[in-house]
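Peer 1: Predicted structure and sequence below. I'll ask about it afterward.
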Amino acid sequence: MNVEKIREQFPILAQKVHGQRLVYLDNANTTQKPRAVIDADRKYYEETNANIHRGTHFLSEKATAEYEDARAKVARFLGARASREVVFTRGTTEAINLVAAGFAQSVLKEGDEILLTGLEHHSNIVPWQLACGRTGAKLVVVPITDSGEVPVEEFEKRLTPRTKIAAVSHVSNALGTINPVEEFIRLAHARSVPVLVDGAQAAPHLPIDVAALGCDFYAVSGHKMYGPTGIGALYGTEAWLEKLPPYQGGGDMISSVTFEKTTYNELPWKFEAGTANIAGGIGFGVAVDWLSAVGLPAVAAHEHTLLVRATEALSAIEGLRIVGTAPRKAAVVSFLLGDVHPHDIGTILDREGIAIRTGQHCAQPVMDHYGIGATARASFGVYNTEEEVNVLAAALKKVQEVFG
């Protein structure tokens, strides 16, 4: 994998920030976009702009074909059996809300349990709390270890006859931990418990095959996969998607409407009410093509090299503590530096042209586990280099100098 050739495809990386070359290390938040994705968005509005599924003219038919072709690309990328198992959403958050709302309406009742882990992003906590508020169900949480892992035996221990769904992250956005989701799914299915996997942080970094995993739902976000913002996808098995009620009502998700009764469209359009993010969907398809062409195994290997180098370089800095030390990690390093507040670290690094994330990372329960308010987080992508790791380490030493 030629990283310099890859970097050339990302226009934003050529700019300077505060007079310094941009070092973008906030990829767990959002990834930058290659020229192919940017061009696809512009091309749609310049050459194709029309609504989909509801026009007989040339532009509408062309837009529909391109949008549905993008769905097929995403389905192949995820390893879905058919395109009808892929629902376009605004992102992982909406995908999880769709499932949680459907379970609240048609599955959950008072006394039922929803199994989560202590690593979850707020987007995989709050929708389930809302579902509990509507139904009287309750959350059960598998605790994490101080290394940031979810013990399989603790997960198994909390599966009960009352568990109606388990919702787990594939990769932690706050710590980078790669969860043993295969084991979670196997144990849950042995008790006939469906499993939703939050794949927002896994899809840009690891090969995904939902059929091999055997999960019932898998949610991803385009903007974390070098694609546009405001677009994502929910994979769901056909059996579950047929069973769940529509998430929203409106145009395109209907088959027929009278004032007395509405019948719903077939999958996946049953869950896609209103005018879609058509340009975003087409751009998402281009992004997964681009990522597939680079090759997920090559991406994973490159990013693991960066993770090892960053862990070594940051661990050598006196007073720096890495938070989250699971043996299986994606390319995320969350850390504290002495008594310096993470926001101050981020501000000084920004003056050096380095973009990192500081705060709770939408994972406050993870921070609470460690008794801390926030961390600084460097997260790596396909275009990052070992030289940028060295720049980060050098800048952190400057932070030490500033704060004595």
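Peer 2: Nice, thanks for sending it over.
Peer 1: make it CA atoms for all contacts and neighbour counts henceforth
Peer 2: Fine.
Peer 1: quick one: contacts for Gly280?
Peer 2: Counting by C-alpha atoms under 8 Å, 6 or more residues apart in numbering, Gly280 touches Asp41, Gly227, Pro228, Thr229, Gly230, Ile231.
Peer 1: Following the chain past the stretch of helix or strand it belongs to, name the next helix or strand.
Peer 2: Element membership for Gly280 (DSSP states H and E) is helix 278-294. Sequence-wise, the next helix or strand downstream of helix 278-294 (DSSP H and E) is helix 296-315.
Peer 1: show me where pLDDT drops low in the chain?
Peer 2: Of all residues in the chain, none has pLDDT under 70.
Peer 1: What residue spans form the domains of it?
Peer 2: 3-30+296-403, 38-293 (automatic domain parsing).
Peer 1: Angles on the backbone of the spatially closest residue to Glu183 that is not a sequence neighbour, please.
Peer 2: Once flanking residues are discounted, Glu183 sits nearest to Val152: 7.2 Å by C-alpha to C-alpha, 6 or more residues apart in numbering. Here is the backbone geometry of Val152 (degrees, to the nearest 10): phi -60, psi -40.
Peer 1: Could you check how far Val152 is from Arg186?
Peer 2: Plainly put, Val152 is 11 Å away from Arg186 if you go by C-alpha to C-alpha, to the nearest Å.
Peer 1: Leu296 now?
Peer 2: According to C-alpha to C-alpha, Leu296 and Arg186 sit 24 Å apart.
Peer 1: Then Met225?
Peer 2: With C-alpha to C-alpha as the criterion, Met225 and Arg186 are 27 Å apart.
Peer 1: more crowded one of the two?
Peer 2: Met225 (28 against 16; other C-alpha atoms under 10 Å).
Peer 1: surely the more buried one meets Ala202?
Peer 2: No - in this structure, Met225 is not within contact of Ala202 by C-alpha atoms under 8 Å, at 9.4 Å.
Peer 1: Stretch 349-360: end-to-end distance?
Peer 2: End-to-end for stretch 349-360, by C-alpha to C-alpha: 18 Å.
Peer 1: for stretch 173-189, same thing?
Peer 2: Taking C-alpha to C-alpha, stretch 173-189 runs 25 Å from one end to the other.
Peer 1: what sits up against that stretch?
Peer 2: Contacts of stretch 173-189 with the rest of the structure, by C-alpha under 8 Å, 6+ apart, involve 28, 119, 121, 148-150, 152, 155-156, 159, 166, 168-172, 194-195, 197, 201, 213-215, 323-334, 360-361, 363, 366, 377.
Peer 1: What subset of these is buried?
Peer 2: Buried members of these, scored by 16 or more other C-alpha atoms under 10 Å, are 28, 119, 121, 148-150, 155, 159, 166, 168-172, 194-195, 197, 201, 213-215, 323-326, 329-334, 360-361, 363, 366, 377.
Peer 1: What distance do you get for the closest residue to Met253 other than its chain neighbours to Thr262?
Peer 2: The shortest distance from Met253 to any non-neighbouring residue, by C-alpha to C-alpha, 6+ apart, is to Lys270 (4.4 Å). As judged by C-alpha to C-alpha, Lys270 and Thr262 stand 12 Å apart.
Peer 1: Cool, thanks, signing off.
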